[in-house]
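Participant: Build me a model:
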Amino acid sequence: MTATETARQPRLGRGDHKTLGLAALGGALEIYDFIIFVFFALTLSQLFFPPEMPEWLRLLQSFGIFVTGYLARPLGGILMAHFADHLGRKRVFSLSILMMALPCLLIGVMPTYADIGYAAPLLLLALRILQGAAVGGEVPSAWTFVAEHAPPGRRGYALGFLQAGLTFGYLLGALTATLLARVFTTEEILAFAWRYPFLLGGVFGVIGVWLRRWLSETPVFLALKDRRETPVAFPLRSVLSDHRRALIPAALLTCVLTSAVVVLVVITPTVMQQRFGMPAGQTFALSSVGIVFLNIGCVLAGLLVDRIGAWRALMIYSLLLPLGIGALYASLVGGWGWTGLAYALAGLSCGVVGVVPSVMVGLFPAAIRVSGISFTYNVAYALWASTTPLALIALMPWSPWVCVGFCAVMGVVGLLTALYFERREVLAFGCEGMPLVCGDK
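Facilitator: Residues are numbered from 1 along each chain as shown. As a prediction, this is how the structure comes out:
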């Protein structure tokens, strides 16, 4: 993209900012409902499993229930994407947040192992499956909704801002956990206070549903309705038969995005408590710093996408990912006392989270866009996010550098994917109404 083309990029209008803000805030509230579980994984492992069970096994099973939510994403995502491509993005976009909030509320009032025995973890598992199905429909619908509302030349920023909103849900979870750790003792949290974050999530869900009442359907979907009497009968079948070449880069980049989130948000706070002996309050506070800078990193990454193109931005952030995580773990292992600064740097370096959506929305044409993104994103995310946390937790006693090596491998995957697919024919699928990937170079 030339300097002249950059100067001609349209500004987001008042209506665009309203749409983007509402979408991002609603997404933040939904992601909070999904992620709050991980901040209380240690607490829930004590409440929902037999006390005589070894601590490491209880924690592993608690994480197992957490990652089951990821395994449920493909089914929910595929079904909701089908209706998003048929009935519109807005309807499914609003339904997903309600499906997330109700299980969160029920977790906050359900009995524990001490009350109903093994029925407690089974019930918790069922609620996590419902939450997984909901978030499986949320993210692809959100990406498509925002990308189709944003003007050409500003879609990178819009999607980066949306990702910042979604990751703000992680920050809400971290801040809530930090507040509880400061206000209540460990005994009080185990006795009753652990329920408060989940009850708050139910309230957030109601707010999110109300906020999305003010959103309008995307211009791209309305144009599709005007041009064609009936939508594609089975969008997923069209994806699998006509757009197979787009599935490989979409799946690989989903794994890269997932790895950044898993290491920065899911694994590291637990590792800091278990391996490095940090108190819960300090851990959650440091995690909050990292997530704040992850939010900033997503927006900066989106701006870079608009300037140099999504694939080139992907190359840069694939290189930055292992550098930032490496600095964070060097500070933990060395005990140098600048972990907060290192966590901030790691958050900025995970800006690949804000780049990947810009590539994904350009890989599939509008008629089957939600189904294409949802299938590849949710299947890859489910397989990757359900296995990597358990593997990293299991390998951590072997070496504290496991997460750094893992991110180095994923950075190479992102870089090679960008180099290989940048100019290949697969990009032709995204040129319809999505010049962000195909034309903005």
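Participant: From here on, just use CA atoms for contacts and neighbour counts.
Facilitator: Fine.
Participant: what about the stretch 101-250 of the chain, any weak spots by pLDDT?
Facilitator: For the stretch 101-250 of the chain, the stretches with pLDDT under 70 are 212-233.
Participant: Flag every buried residue along the helix or strand where residue 209 lies.
Facilitator: Using DSSP states H and E, the secondary-structure element containing residue 209 is helix 195-211. By neighbour count on 16 or more other C-alpha atoms under 10 Å, the buried set for helix 195-211 is 195-209, 211.
Participant: Count the neighbours of the nearest residue to residue 339 once chain neighbours are set aside for me.
Facilitator: Leaving aside its chain neighbours, residue 339 sits nearest to residue 331 (5.5 Å; criterion: C-alpha to C-alpha, 6 or more residues apart in numbering). A count of neighbours around residue 331, defined by other C-alpha atoms under 10 Å, yields 17.
Participant: Packing partners of the one helix or strand residue 331 maps to?
Facilitator: Here residue 331, judged by DSSP H and E, is contained in helix 310-334. Contacts defined by 3 or more C-alpha pairs under 8 Å, 6 or more residues apart in numbering; DSSP states H and E place helix 310-334 against helix 280-308, helix 339-349, helix 352-360, helix 402-421, helix 435-438.
Participant: just those helices: most buried one?
Facilitator: Most buried of the helices and strands packed on helix 310-334, by mean neighbour count (mean count of other C-alpha atoms under 10 Å): helix 352-360, with a mean of 30.
Participant: tell me how far the helix or strand that that helix is followed by is from the chain's mean position?
Facilitator: Next helix or strand after helix 352-360 toward the C-terminus (DSSP H and E): helix 369-395. From the chain centre to the centre of helix 369-395 is a distance of 10 Å (C-alpha atoms, centre = their mean, to the nearest Å).
Participant: Run the angle between helix 369-395 and helix 352-360 for me.
Facilitator: On the basis of axes from the mean of the first three to the mean of the last three C-alpha atoms, to 10 degrees, helix 369-395 is oriented at 150 degrees to helix 352-360.
Participant: could you say what helices and strands helix 369-395 packs with?
Facilitator: If you count contacts as 3+ C-alpha pairs under 8 Å, 6+ apart, helix 369-395 packs onto helix 55-71, helix 73-87, helix 119-149, helix 235-242, helix 247-261, helix 402-421.
Participant: Run through the residues that contact residue 119.
Facilitator: residue 113 (C-alpha atoms under 8 Å, 6 or more residues apart in numbering).
Participant: cool, residue 203 as well?
Facilitator: Residue 203 sits next to residue 101 when contact means C-alpha under 8 Å, 6+ apart.
Participant: run the last query once more with 10 Å
Facilitator: Shown in contact with residue 203 (C-alpha atoms under 10 Å, 6 or more residues apart in numbering): 29, 33, 101, 102, 104, 105, 197.
Participant: does the third one really touch residue 209, like I thought?
Facilitator: By that I understand residue 101. Yes - under the criterion of C-alpha atoms under 10 Å, residue 101 makes contact with residue 209 at 9.4 Å.
Participant: shared neighbours of the two, anything?
Facilitator: Residues within reach of residue 101 and of residue 209 at once, by C-alpha under 10 Å, 6+ apart, are 29, 30.
Participant: who's in contact with the spatially closest residue to residue 346 that is not a sequence neighbour?
Facilitator: Of all residues not flanking residue 346 in the chain, residue 324 sits nearest, at 4.0 Å (C-alpha to C-alpha, 6+ apart). By C-alpha under 10 Å, 6+ apart, the residues touching residue 324 are 264, 330, 342-350, 404, 407.
Participant: change it to 8 Å
Facilitator: Each residue near residue 324 by C-alpha under 8 Å, 6+ apart is listed here: 342, 345, 346, 347, 348, 349, 350.
Participant: Look up how far residue 68 lies from it.
Facilitator: Residue 324 sits 28 Å away from residue 68, going by C-alpha to C-alpha, to the nearest Å.
Participant: Repeat that for residue 282.
Facilitator: 28 Å.
Participant: for residue 372, same thing?
Facilitator: Taken as C-alpha to C-alpha, the span from residue 372 to residue 68 is 22 Å.
Participant: again, but for residue 389
Facilitator: Note on residue 389: its distance to residue 68, by C-alpha to C-alpha, is 12 Å.
Participant: ditto for residue 386
Facilitator: When distance is defined by C-alpha to C-alpha, residue 386 is 7 Å away from residue 68.
Participant: now do residue 321
Facilitator: 26 Å.
Participant: now do residue 106
Facilitator: Distance from residue 106 to residue 68, by C-alpha to C-alpha: 17 Å.
Participant: With neighbour numbers in mind, choose between those two.
Facilitator: residue 68 (21 against 17).
Participant: For that one, report the pLDDT, please.
Facilitator: If you check residue 68, the pLDDT there is 73.
Participant: doesn't residue 385 make contact with it?
Facilitator: No - Residue 68 lies out of contact with residue 385 (C-alpha atoms under 8 Å); the separation is 9.2 Å.
Participant: and the contacts of residue 203, which are buried?
Facilitator: Buried among those (16+ other C-alpha under 10 Å): 29, 33, 101, 102, 104, 105, 197.
Participant: tell me which element the third one falls in.
Facilitator: In this structure, residue 101 sits in helix 89-109 according to DSSP H and E.
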